[in-house]
Structures are given as structure tokens and as C-alpha cells.
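*Asks:* whatever this is, show me its structure:
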Amino acid sequence: MSGVLVGFGVITSVVVIGYMLGRLPLLGPGAKEVLTRLAFYVASPALLFTILADVDLSVLVSAPVLVSVLSVAAVALVFVVLGLVRRWGVGRTTVGALASSYVNAGNLGIPIAVYVLGDASVVAPVLLTQLLFMAPVGLTVLDLGGGGVRGAGPVLRRALGTPVRNPVVIASLAGVAVSASGWVPPEPLMEPFHLIGGMAVPAMLLAFGISLHGSAFPGRGPERVPVLVAVALKSVVHPLAAWALGSLVFGLDDSALFSVVVLAALPTAQNVFNFATRYRTSEAMVRDVVLLTTLLTIPVLFSVTFLLG
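*Replies:* Numbers count the residues shown, from 1 in each chain. Now for the predicted structure:
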């Protein structure tokens, strides 16, 4: 588990630096918004393009991937149903569903896959599923929900047009197209994307740390119920759903089952906070969910390793 601790230590260090930047406003009052926009419009698209352009798309076709997809859909659906019953609104329900199911497959998933599972490639299907399906669908709903579009025709046109306007989706689709074509871009062409993409994770973590300055203790306030629901779904229900589907429905072997449960136990990704900030929707709720699920990940992973490892 040393890799898990190292991964958490690196992330925590950058978040703490962000918090100090918020406490000592060296970057000015708009630092969080600038970093968020940098990550959303520039750095994240570059990073996603480089990842997807170099990935084997055949990893999407396997039983463990189906287990991961179905477990994600299950927990997201639970939050959506609760959101409809409690009338939490489109924006809060959408980002809450993402916060309940969108795992930190990048900066935490990769080191955990290497040091706990012994194979970095097992995280690729989860990363691809989130980038190719969850993010485009969630961003489309947020775009429609905040755009004041009414009527079947305008809504349909807006929904079909959103993917070609969203930089995250555009970059993901471009990366998939390059991978599917079999073309290997020359390194000088890809180097600017690697360089700019390297800013994505630090920018998101710094923006997250800045947002923590002056915020209330997590899990309190008017967003308390959706926060606690999302945390319970992400940290408890999601890994249990992955175990039930993998063991009882698909009959995965011990190694594959352990992998899908470990990946399901990862905390909520900072990307969701980036989405919430970009669309100014339930930022405090997502911030609390990211923080709490990250804190809970170590005991959850130790429990999973003890029971299944």
C-alpha cells in the first residue's frame, strides 16, 4: 500500500499549496476561476488528447469493464432518483450523480493500479469510460440545464451541438479518432500537448485547495444531505455494487474481481469539481464530496485488500 500513501501524499501537498495561495492571496481574488478555466479549456483537453491518442481501444470490450460500467450506472442512477424525489434540480442532481460515480482514475488510479494491482493498464478502461461517455453526457446535461433552452427542437439541436462546442469532449473524440486510425503522430507534434497537458492536474488541485480557504467544515450546511448521500454512494455503495456484479453476476476470477472493486473504491475525481465550478453548480457540495471521499479512501482500500486481496 506504499504506492497509495505516496499518491495521497503528492495530491495532499498540492492541495495544501492551493489552500495557502487562497489564504495568502498572491494570485488575486480570481485565481480559482482562472485556474479552473485554464484546466477546462486548455490543459485538460491537451491531456485527454495525449492519453486517448495512445490507448488501445480494445480494452473497452471485456467483462471487468462491463462490471465497472454497470456499477457506475447503478450508483449514478440512485442519486438521480433521489434528486428527482427531493427536487434538487438538474444542476445539483447532475454533478451529484457524477460525484457519486466518477472516480479519480488519473492521478490516484494510476499509482494505485501500479502499486496495489501491479498493472497500470487496468485503469485504462475506467478512464476511457469516463472520458468518452460520462463526461460528455454530464456536460451536455449541464449545458442544457443552464442554457435556458426550451422546446423539443431547440433542445435536440443544443444536445447534438454541445459535444462539438465542449473542449473536453472535442479533445477526447480527437484522441479516439487518432487511436482508431492507427496513425502514430510524430513526437515533435505531440510535445506541445504533453507540455500543456501537464498543467491540468496541478491546476485542478490548486483550484480545489484555494476553494477550501474560508469554507465551512465539510458535510454541514444546506448541502449536507446530498453531500452525505454522494459520499455514501461513492465510498460504500459503489465498491459493494462492483463486488456484487463481478462476483454474483459475471463470476469474475479473484484477480479481476479485486481489480474492479479497488477501482470502484477510488475517491471522486477533481474533474467533477472542475465541471461544477465551470457551470457554477453546487461547487460547495462537490468540494465536500471530493474531500470526504478522498479521506475515506485509505480505510476503504485497506478493507477491500483485507477482504479480497
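*Asks:* gap between residue 52 and residue 175?
*Replies:* Distance of residue 52 to residue 175, computed by CB to CB, to the nearest Å: 3 Å. To be clear about C-beta, it is placed using only N, CA and C from the backbone, and glycine gets the same treatment.
*Asks:* contacting residues for residue 53?
*Replies:* The neighbours of residue 53, taking CB atoms under 8 Å, 6 or more residues apart in numbering as the test, are 174-175, 178-179, 185, 190.
*Asks:* buried only: go through these for me.
*Replies:* Buried members of these, counted by 16 or more other CB atoms under 10 Å: 175, 178-179, 190.
*Asks:* what packs against the helix ranked longest in the chain?
*Replies:* The residue-count maximum for a helix in the chain (DSSP state H) belongs to helix 283-308. When contacts are defined as 3 or more CB pairs under 8 Å, 6 or more residues apart in numbering; DSSP states H and E, helix 283-308 sits against helix 2-23, helix 90-101, helix 200-212, helix 224-232, helix 238-244, helix 254-264, helix 270-278.
*Asks:* nearest to residue 65, out of these?
*Replies:* Among the helices and strands packed on helix 283-308, the nearest to residue 65 by CB to CB is helix 254-264 (8.7 Å).
*Asks:* now for the buried ones among the contacts of residue 53, which pair is the farthest apart?
*Replies:* With CB to CB as the measure, no two of the buried ones among the contacts of residue 53 lie farther apart than 179 and 190, at 12.8 Å.
*Asks:* related to what we said a few turns ago, which of the contacts of residue 53 lies closest to residue 79?
*Replies:* Nearest to residue 79, judged by CB to CB, of those is residue 175 at 28.5 Å.
*Asks:* excluding its backbone neighbours, what's nearest the residue most central in space within the chain?
*Replies:* Central residue of the chain (CA atoms, centre = their mean): residue 269, 3.6 Å from the mean position. Nearest residue to residue 269, sequence neighbours excluded (CB to CB, 6 or more residues apart in numbering): residue 104, at 4.3 Å.
*Asks:* the one you found contacts residue 267, correct?
*Replies:* Yes: counting by CB atoms under 8 Å, residue 104 touches residue 267, with 5.2 Å between them.
*Asks:* which residues do the two both contact?
*Replies:* Overlap of the contact sets of residue 104 and residue 267 (by CB under 8 Å, 6+ apart) consists of residue 294.
*Asks:* who's more crowded, the two?
*Replies:* A count of neighbours by other CB atoms under 10 Å puts residue 267 above the other of residue 104 and residue 267, at 28 against 24.
*Asks:* per-residue confidence for the closest residue to the more buried one other than its chain neighbours?
*Replies:* Leaving out its chain neighbours, the residue that sits closest to residue 267 by CB to CB, 6+ apart is residue 293, at 3.8 Å. Looking at residue 293, its pLDDT is 91.
*Asks:* in contact with residue 293, which residues?
*Replies:* Contact analysis of residue 293 by CB under 8 Å, 6+ apart lists 231, 234-235, 267-268.
*Asks:* return the helix or strand in the chain with minimum mean pLDDT.
*Replies:* Using mean pLDDT, DSSP states H and E, the weakest-scoring helix or strand in the chain turns out to be helix 152-161, at a mean of 58.
*Asks:* check which element follows that helix along the chain.
*Replies:* Next helix or strand after helix 152-161 toward the C-terminus (DSSP states H and E): helix 167-181.
*Asks:* and the helix or strand that comes right after that following helix, what's its mean pLDDT?
*Replies:* Per DSSP H and E, the first helix or strand lying C-terminal to helix 167-181 is helix 187-197. Averaged across helix 187-197, pLDDT comes to 94.
*Asks:* who touches the residue lying closest to residue 257 once chain neighbours are set aside in this structure?
*Replies:* Spatial nearest neighbour of residue 257, excluding adjacent residues (CB to CB, 6+ apart): residue 246 at 4.5 Å. Under the criterion of CB under 8 Å, 6+ apart, the neighbours of residue 246 are 64, 67, 252, 256-257, 260-261.
*Asks:* the same query, at a cut-off of 6 Å, please.
*Replies:* Each residue near residue 246 by CB atoms under 6 Å, 6 or more residues apart in numbering is listed here: 67, 252, 257, 260.
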